[in-house]
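Enquirer: predicted model, plus sequence, below.
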Amino acid sequence: MSADARLLADGVSVLLVGRPNAGKSSVYNRLTGGDAKVGNFPGITVDVLAAPLALPRTGTVQVLDLPGVYSLDAAIDPGTDEGVARSFLDRVAAERGRALLVQVLDATQLAASLALTRELLRRPLPVVVVLTQRDVLEAEGRSLDVAPLRAALGVPVIAVNARDAGSREGLIALLDAEASRTDWTPARPAATWTAEALAAEAVRDAAVVSDEALARRLRSDRIDRVLLHGVAGPVLFLGLMVGLFAAVYAVADPVSSLLDTVLQGLGAVLARPLGTGLLRSFVTDGLLGGAGTVLAFLPQIVILTAALELLDASGYLARGAFLLDGVLRPFGLGGRSFVPMLTAHACAVPAIAATRILRDPRERLTMILVLPLLTCSARIPTYGLILAAFFHGRPVLQAVLFVALYLSGIVAAVVVSLVLRRSATKGRRLPLVLEMPSYRAPDLRAVGRTCVLAAKRFVHDVGTSILACGAVLWVLLHVPAPGAAPLPTGATAGAVIEHSAGASLGRALEPVTRPLGFDWRINVGLLASFGARELMVGTLGVISGVEDADSDPRPLADRLRTARDEHGARRYGTRTGISLLVFFVFACQCMSTLVAIRRETRSWRWVFFVAGYTYALAWVCAFLASHVAALLGA
Amino acid sequence: MTLRELPHRHAARILRLNLDASETLWLRALGLAEGAAVEVLRAGLLGGPLQVRVGGHVAFAIDRAVAGAIDVEPAP
């Protein structure tokens, strides 16, 4: 798409602008009924939600929800939300389209927010100011008068209560009146007001201020005394995070297996008319298997999205970042990076989506690039198999190695992130100044809508690519290599794989993997587990002729340990086991992760970067580990 | 005195921002402008950020390095 394509359609557009936490999404949801769709705007790399809104007189207009910004003129980096919003508005102004700027402004922070109003008024676009949080202001014993604001700003000003359906009508009428205007490039006299004085005029103490109202003003402060307490604060936060991790890990699991059972049932129904040939295998293993992989991620994505939305909207996420920042800063990470790093121990795919809470674009990119190194739950069956096969009867050593594998992932992520910040993602770090908004009850409907949107987008953006990759992998593992002798009918699954294109590829890779002790069988397992890491066990089972290795890997472990080559020597020694473990720690053996990276960075370049560096790191570390193991007598 | 050295729960006003031009602009946009009332509420653990109330209502987590570049005048 060309960068000079027009940003907005020909109709009227209503652009919502405002500081983070100003209540912009609530206003957007109220206006559009939550009909959120990510707009497709050429050259814009951050999500901008767009939805149609029918106005009685003007007809249908587009409502756009721009990223939350403190300022347009002071955008430090073009990659931040500020930078994106600014270039968006600059282009809208340059196109001279019919666009209405609606600043959503938190009335409890009027003075600070009027700085942005001043910037907006300098742009040649009509402006409307919408004040939110009037109810909070009144509960705190203050009153809001919009008349001085209207007079000083010279633009329409309206106060709404985002949770009151009646205030929607007033806003709609105002937008309708403004959208049917003819002069779209208003000239304004220079501002003569100062933010502090104007705010003091508009927000005053009510005639009688109750004790309860005064107490409410200090409510956040009192809650902070507990939640940010030197000892209780971190304990509570870590407890909450462990709970979230447990939910992503444990609650999502039964739901995923239920979805899987449903798909298997569907496969069984479909299998009958499809006979026993390749088509049946393609539909049940290739397509339905791929669909199962996609659906397995959904519960995790939804739980994590809901949790992050609740944490963010309640004001607690900023507190968590405050608590952890000192601990993580020596590693070049900010306080908020804790959330994606923890999530990645369940699965990298939702974790990559969770990096959206990082405001610094370079910190976010770095985090996306290192998350695949953390030990996700899909690695565990393979670790279990290898430990059982090569460290049989040594439970203490198995336990030590298991912990060491987890720690290697964390250490590798921190080290690689420090290296990347000095190389591939180097650049200035944004000064850490994070708003810690007052505590408030989250708008549950808005949270629900965000979850639905996240699930839909995941299936649409990531799901389709995962299905396509899964289909390609199926072809590799089931269709005979070109030129291979035809298989006799009724050949075993193991024989099918042995004659497949994937096996030829596995043999072709042997010169590269032989220094690590991997033969073509392990290579095929690695190839298959690129679809999903847990497929490693099942694939090795099929190749080795062990049935149902997924539910009981012990016979397969025995088979791997005792396997002999044609000269009678052991096919795989302890060294092979160690190098395979190390290889699995580092290699980004997961197409879903790579697809998620493509979606969040909107570039294939970083996908290849991650694949390249993790496989190189995996090879080198596995090679070193196998030699160290040899020195130690393994 | 800088914001970093300001005793906790002691009111002060911002005198000057000793940061580069774009960072100064950004902090001003956040509300951390010359003349703004500030009060350090508490400090994060292990050299973590300071929690600073700005203009009486908004609280920010401010990195100690940034806080060290903000000159303040404590109220008497």
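Expert: Here it is on my side, so go on. Numbers count the residues shown, from 1 in each chain, chains lettered A, B, ... in the order given.
Enquirer: CA atoms for contacts and neighbours, from now on please.
Expert: Will do.
Enquirer: residue in chain B with the shortest distance to chain A?
Expert: residue B:48 (3.6 Å; CA to the nearest CA).
Enquirer: quick one: name whatever helix or strand follows the helix or strand of chain B with the lowest mean pLDDT.
Expert: Among the helices and strands of chain B, helix B:21-30 carries the lowest confidence by mean pLDDT, DSSP states H and E, at a mean of 83. Counting by DSSP states H and E, the next helix or strand C-terminal to helix B:21-30 is strand B:37-43.
Enquirer: partners of whichever helix or strand comes after that following strand in the sheet?
Expert: Going down the chain from strand B:37-43, the next helix or strand is strand B:50-54, by DSSP H and E. Each strand paired with strand B:50-54, and its direction, by DSSP bridges: strand B:37-43 (antiparallel), strand B:58-62 (antiparallel).
Enquirer: surely residue A:302 and residue A:455 touch.
Expert: Yes - in this structure residue A:302 lies within contact range of residue A:455 using CA atoms under 8 Å: 6.4 Å.
Enquirer: more crowded one of the two?
Expert: residue A:302 (22 against 19; other CA atoms under 10 Å in any protein chain shown).
Enquirer: the stretch 151-300 of chain A against chain B: which residues are in contact?
Expert: By the rule CA under 8 Å from any CA of the partner chain, the part of the stretch 151-300 of chain A lying against chain B is residue A:230.
Enquirer: by proximity to chain B, which residue of the stretch 151-300 of chain A wins?
Expert: Counting by CA to the nearest CA, the stretch 151-300 of chain A gets nearest chain B through residue A:230, at 7.0 Å.
Enquirer: which non-adjacent residue is nearest that residue?
Expert: Nearest residue to residue A:230 in three dimensions, chain neighbours excluded: residue B:45, at 7.0 Å (CA to CA, 6 or more residues apart in numbering or on different chains).
Enquirer: is that neighbour in contact with residue A:326, as I believe?
Expert: Yes - the pair residue B:45 / residue A:326 is scored as a contact, 5.9 Å apart, by CA under 8 Å.
Enquirer: so what sits against both of the two?
Expert: Counting by CA atoms under 8 Å, 6 or more residues apart in numbering or on different chains, no residue touches both residue B:45 and residue A:326.
Enquirer: so between these two, which is more surrounded?
Expert: Neighbour count, other CA under 10 Å: between residue B:45 and residue A:326, residue A:326 has more, with 22 against 19.
Enquirer: tell me which element that one is part of?
Expert: Per DSSP H and E, residue A:326 falls inside helix A:316-328.
Enquirer: tell me which of the strands paired with strand B:50-54 sits most buried.
Expert: strand B:58-62 (a mean of 24; mean count of other CA atoms under 10 Å in any protein chain shown).
Enquirer: got the contact list for the helix or strand that comes right after it?
Expert: Scanning forward in sequence from strand B:58-62 by DSSP H and E, the next helix or strand is helix B:64-67. Outside helix B:64-67, the residues that touch it by CA under 8 Å, 6+ apart are A:431, A:432, B:2, B:3, B:4, B:47, B:48, B:49, B:50.
Enquirer: just the buried ones from the residues you listed, in PyMOL syntax?
Expert: With 16 or more other CA atoms under 10 Å in any protein chain shown as the criterion, this PyMOL line picks the buried residues out of those:
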select buried, (chain A and resi 431+432) or (chain B and resi 2+3+4+48+49+50)
